[in-house]
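Asks: requesting a structural model of the entry that follows:
(chains A and B)
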Amino acid sequence: MDKFLTVTALRRVVQLTAFFFFVYGATVFTTFYTDDKLTQALPALSCAYDMKSGDYCALIPLQHQMDHRVSTLFTGDSGIMQALMGTAITVATVALLILILNKAFCGWLCPLGFFQESVGMIGTKLGMKQLPSLSVETVNKIRPVKWFIFLFLVLIFPLLTGIGMLGHEWGSPFCSICPSRIMTTLAVGDMNQLYISQAGWGYTLLSLIADLLFGLMIALALFVRQPFCRICPILPMQTLFKKIGLLRLVKNGSSYCEGCSNCVKACPMDIYEIGNPAVNANITHTDCTLCGRCVEFCPHDGVMSFKYGPATILTSSKESFKKRSKIDKWWKG
Amino acid sequence: MKNVLLALVLGTSLWAYGEGVLYWAPHGCDTGKAAAAAHGGHGKGESAMFAAMNLEGNATARLVLPDLSLRPLRFDRNTVMLPPPKMGGYYALVAESESPGNVRSAVRYLSLFGRPADVSPTRLTALPKTALEIIPDPLHREHDRYTGSKTYRFVAMFKGKPLTNVPLVLETRRSGAQTFTSGPDGAAEVTLPDDFANVTPGRGNKPSEFLLTLRHEEGGIRYVTTFSMPYSPNPNNHWQSQEWGAAAAALGFLGGLFLYRRSRKGGQNG
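Replies: Numbers count the residues shown, from 1 in each chain, chains lettered A, B, ... in the order given. Okay, the predicted model is just below:
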């Protein structure tokens, strides 16, 4: 039994539990009413369109607040407090959650992240050749996309909608294209979110992008690690607060790191920067999901570690590297 | 069985929307809309004034607030004006009237914006508001709406106990009465009709009203209660195509497989 006790195994158990909570949790832990949700501000893609979800992500209230509240600053319909208080509460809740778990919301709790990893496991078992890593050039091209999505689809378009410069469909455009909306609703047996709208060109465009993206994400997840996570606007939001996160990835390569790049190869987000020399430094990158694979696959004692505040809670070692590599070979056949 | 037959006969032969029962309907006058706009908390264009239809006898009205506190309302003829909402969440609008041998009641729910009350909406719906009551199980979620072609659960309750095998009669403005019978737990699954005329694509369609009526007789007293709410057309029946949605998802999937083939060729070449 001990030979299967790895960070990844623990993560799978946590992910599966979180998946049931965030997709079906309203049936046991809360109710489906918004008033009964725990936070409504998760820094992970748990969807509000899923009527059985235990809690939901911060992006839907953020878009609504931009549309209905922050926009009133420009239309003069309300005072500063009324315009900004909702957003301030959402952002403060997100900051608090990131203080506690930092970007581990992505790697350990996000239902869509777990779904993609599960599809990846199916791809492996179907014998599909896995793409080991994307090239530096490709990664660098993809990285800005999530900032574009965050700035335009989460903040600017909803704000312009509230001001009256865009149609209603642009009030929550990220939710309109988010694959988690389709995945989680399908998971609870609701087929209503997979559609093409004919209510106007904006609705048609957004619904078409959503469906294409959903299908594309599933196919890509069969052979590319975490395809949608790379453009997810949750990452920029987490990045704004990552400095305050108690959980962090620390590299201390002062004497042992040989630059083998095992950590980079293990990283599902292809963060090449974690291979760079660093001495006792917080290397939690914007794209990092704190999945811990780099720590597991580092063959050197004490080079990569997870720290929570001052405490080291996980550190790399030769022994765990050997164990993890063995399991990896067994899994991939 | 007698009740079911009675409801069927009434439903098919004497049907006229809300005939003879007390029920709530929004009063779309300018005063009501102006009050709603001044209060804030109501949706755009909604009214703060409601009318109790077929009101007779010594009737009372009250508002159950999201924190379960009560606020009496004063009838002006058959209308009430809601006060500015002090808190956000679901409110229950209740009317009751009594005459010898008859108790009539009506309940309607509203979701208003404001600082949330720290009480679950499930407690508001479960709170006994009238002797005979139709309890939505659950209400539609905040920001959501009752929609045609969708099925909802309602529980028939009398003095805190579920009523089994009783008919709930559903009426809309455009469809004849339909009867749904409660099961052993008092719950009936009610499918709302998507009976809208001249539906236009998008959000421009005004909601219509549906009315559920429940009758019960005990101790020589006839109880009648109603539950009325707005409902909207189902986009998937009118301007959204699920078939095309599935086709687009399949196309995206095929695009991904095409990229897989390309990556394999690239790998073999490189």
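Asks: low-confidence ranges in the chain?
Replies: This is for chain A. Low-confidence regions of chain A, defined here as pLDDT under 70, cover residues A:1-3, A:255.
Asks: you answered for a different chain; I wanted chain B.
Replies: Counting by pLDDT under 70, the low-confidence segments of chain B come to B:1-15, B:41-45, B:266-270.
Asks: helix/strand/coil for the residue most central in space within chain B?
Replies: With the centre of chain B defined as its mean C-alpha position, the nearest residue by CA atoms, centre = their mean is B:Met229, 3.5 Å away. Classification of B:Met229 using DSSP: H, G, I helix; E, B strand; the rest coil returns strand.
Asks: any idea what the nearest residue to it once chain neighbours are set aside is bridged to?
Replies: Distance criterion CB to CB, 6 or more residues apart in numbering or on different chains; nearest residue to B:Met229, sequence neighbours excluded, is B:Tyr146 at 5.6 Å. Heads up, the C-betas are built off the backbone N, CA and C, glycines and all. Going by DSSP bridges, B:Tyr146 is paired in beta bridges with B:Tyr231.
Asks: ok, B:Tyr146 - contacts?
Replies: When contacts are counted by CB atoms under 8 Å, 6 or more residues apart in numbering or on different chains, B:Tyr146 touches B:His140, B:Tyr152, B:Leu192, B:Phe210, B:Met229, B:Pro230, B:Tyr231, B:Ser232.
Asks: can you do 10 Å?
Replies: B:136, B:139-140, B:152, B:190, B:192, B:207-210, B:229-232 (CB atoms under 10 Å, 6 or more residues apart in numbering or on different chains).
Asks: please apply the same query to A:Cys294.
Replies: So A:Cys294 contacts A:249, A:251, A:262-268, A:271, A:274-275, A:283, A:288, A:303-304, A:306, A:316 (CB under 10 Å, 6+ apart).
Asks: in three-state terms, label whichever residue of the stretch 151-300 of chain A sits closest to chain B for me.
Replies: Here the stretch 151-300 of chain A gets closest to chain B at one residue, A:Ala219, 2.2 Å apart by CB to the nearest CB. Under the three-state scheme (three-state DSSP), A:Ala219 adopts helix.
Asks: quick check, B:Glu209 in a strand?
Replies: Yes - assessed with three-state DSSP, B:Glu209 lies in a strand.
Asks: what residues does the stretch 1-150 of chain A have near chain B?
Replies: A:26, A:30-36, A:48-49, A:51, A:60, A:64, A:68, A:78, A:82, A:85, A:123, A:128-132, A:134 (CB under 10 Å from any CB of the partner chain).
Asks: give me the subset of those residues lying in helices.
Replies: Among the residues of the stretch 1-150 of chain A next to chain B, DSSP state H puts A:Ile60, A:His64, A:Gln82, A:Met85, A:Gly123 in helices.
Asks: looking at those, spot the one nearest A:Lys146.
Replies: A:Ile60 (17.4 Å; CB to CB).
Asks: now for the residue nearest to that closest one when sequence neighbours are not counted: which residues touch it?
Replies: The shortest distance from A:Ile60 to any residue other than its chain neighbours is 4.7 Å, reached at A:Ala48 (CB to CB, 6+ apart). A:Ala48 makes contact with A:34, A:37, A:40, A:55-57, A:59-61, A:64, A:172, A:175, A:180-181, A:184, B:141, B:143, according to CB under 10 Å, 6+ apart.
Asks: on that earlier part again, any idea how far the residue nearest to the centre of chain B is from A:Pro158?
Replies: Between B:Met229 and A:Pro158 the computed distance is 29 Å (CB to CB, to the nearest Å).
Asks: check B:Gly183 too.
Replies: For B:Gly183, the distance to A:Pro158 - CB to CB - is 44 Å.
Asks: those two - which one has more neighbours?
Replies: A:Pro158 (27 against 15; other CB atoms under 10 Å in any protein chain shown).
Asks: contact partners of the host helix or strand of that one?
Replies: In this structure, A:Pro158 sits in helix A:157-163 according to DSSP states H and E. Helix A:157-163 is contacted from outside by A:62-75, A:77, A:83, A:151-152, A:165-175, A:202, using CB under 10 Å, 6+ apart.
Asks: in the stretch 201-333 of chain A, which spans are strands?
Replies: Applying DSSP state E, counting those that start in this stretch to the stretch 201-333 of chain A gives strands spanning A:247-251, A:281-282, A:304-308, A:311-315.
Asks: strand partners (parallel or antiparallel) of the second one?
Replies: Just to be clear, that refers to strand A:281-282. strand A:247-251 (antiparallel).
Asks: could you do the last one as well?
Replies: Applying DSSP bridges, strand A:311-315 is found paired with strand A:304-308 (antiparallel).
Asks: ok now the strand it pairs with, how far from the chain's centre?
Replies: 20 Å (CA atoms, centre = their mean, to the nearest Å).
Asks: on that earlier part again, which of the contacts of B:Tyr146 lies closest to chain A?
Replies: B:Leu139 (7.8 Å).
Asks: so which helix or strand takes in the closest residue to chain A within chain B?
Replies: For chain B and chain A, the shortest gap (CB to the nearest CB) falls at B:Gly256, measuring 2.2 Å. Here B:Gly256 sits within helix B:242-269, counting by DSSP H and E.
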